[in-house]
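Novice: prediction below, plus the sequence it came from.
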Amino acid sequence: MVRSINQAVKYIRSTDPESAIKVHTIRTWCKEGKIKFLTVGTKILIDMDSLLEYIGYKIKEE
């Protein structure tokens, strides 16, 4: 699952409204190689599995 940086932030905030993760934070993690991402033209697409694993986020199973 890949999402734009803005979509990734919205996803995290939808389950954790108090999250301190911002667009700039995710961009920095990409530049530092901490999370996986793709670039399509000038757009950065975040590998959500990599992001969620990096922040230790547990997906709730229904």
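Specialist: Happy to help now that I have it.
Novice: so where's the protein shaky on pLDDT?
Specialist: Filtered on pLDDT under 70, the chain yields the residue ranges 58-62.
Novice: just the helices in it please.
Specialist: With DSSP state H as the criterion, the chain has helices at 5-15, 23-31, 48-54.
Novice: distance from the longest one to the middle of the chain?
Specialist: Here the centre of mass of C-alpha atoms in helix 5-15, compared against the chain's by Cα atoms, centre = their mean, to the nearest Å, lies 7 Å away.
Novice: that one packs against which elements?
Specialist: With contacts defined as 3 or more Cβ pairs under 8 Å, 6 or more residues apart in numbering; DSSP states H and E, the packing partners of helix 5-15 are helix 23-31, strand 43-47, helix 48-54. The way it works is simple: take the backbone N, C-alpha and C, and place the C-beta from them, glycine included.
Novice: let's see it at 10 Å
Specialist: In terms of contacts (3 or more Cβ pairs under 10 Å, 6 or more residues apart in numbering; DSSP states H and E), helix 5-15 is packed against strand 2-4, helix 23-31, strand 43-47, helix 48-54.
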